[in-house]
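In: Just a sequence and a predicted model for now, questions to come.
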Amino acid sequence: MTGAPESPDSLALKRCTPCEGGTKPLDKVAAESLLGGLDARWRLADDGLAIETDFRFRDFYRTMSFVNAMAHIANAEDHHPDLRIGYNYCHVRYTTHAIHGLSENDFICAAKIDRLR
């Protein structure tokens with residue numbers, strides 16, 4: 001990985017890869033570099049182990065349509081976010097549970113979600 005952030009298009013075109021046994025989570029510098037390739041609404045979580053964002057919608061129907069589109073991405077990539085959902089909002093948190101931290105997969109899925117908006 002170079003010091004330059006990835007573009008949203010290059011991240012969104014990648015596919016998630018299995019990330020278990022022996023894979024180390026990204027350090028803060030690498031995570032911040034990849035964060036530069038996402039929409040500005042994404043932020044590094046206070047604990048540094050996840051990226052997260054909030055989406056707002058006009059009504060429940062639009063919220064659930066968005067959530068269903070995210071579910072399609074998550075299943076296609078076999079990488080699933082933690083969600084908090086209400087009438088007109090959705091909080092999305094990506095972390096790679098298997099390694100207890102961030103992997104490139106989190107940023108790939110976030111970039112794909114950015115394309116939904």
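Out: That came in fine, so what should we check first?
In: Dihedrals phi and psi, M64?
Out: phi -70, psi -30 (degrees, to the nearest 10).
In: State the number of residues packed around it.
Out: 14 (other CB atoms under 10 Å). The C-beta positions use only the backbone N, C-alpha and C, and glycine is treated the same way.
In: If we ignore the residues flanking it in sequence, what's nearest it?
Out: Sequence neighbours aside, I85 is the residue nearest to M64 in space, at 7.9 Å (criterion: CB to CB, 6 or more residues apart in numbering).
In: list the contacts for the residue lying farthest from the centre of the chain?
Out: Within the chain, D59 marks the point farthest from the mean C-alpha position, 23.0 Å out by CA atoms, centre = their mean. Taking CB atoms under 8 Å, 6 or more residues apart in numbering, we find D59 in contact with 87-88.
In: and T53, helix, strand or coil?
Out: At T53 the chain is in strand, as set by DSSP: H, G, I helix; E, B strand; the rest coil.
In: give me the number of residues near it?
Out: 19.
In: I'd assumed A40 was in contact with it.
Out: No. Using CB atoms under 8 Å, T53 is not in contact with A40; the gap is 9.5 Å.
In: one step back: how much space between the residue farthest from the centre of the chain and G86?
Out: Per CB to CB, to the nearest Å, D59 is found 11 Å from G86.
In: Show me the shaky parts of the chain.
Out: The model of the chain has pLDDT under 70 over residues 1-8, 20-21.
In: and with 90 instead?
Out: 1-11, 13, 17-23, 117 (pLDDT under 90).
In: Just the strands from this structure, written as ranges.
Out: Taking DSSP state E as the test, the strands found in the chain are 43-44, 51-56, 82-86, 89-94.
In: now the third one against strand 89-94, angle please.
Out: Compare the direction of strand 82-86 with that of strand 89-94 by axes from the mean of the first three to the mean of the last three CA atoms, to 10 degrees and you get 180 degrees.
In: same thing with the second one?
Out: Here strand 51-56 runs at an angle of 170 degrees relative to strand 89-94 (the same axes, to 10 degrees).
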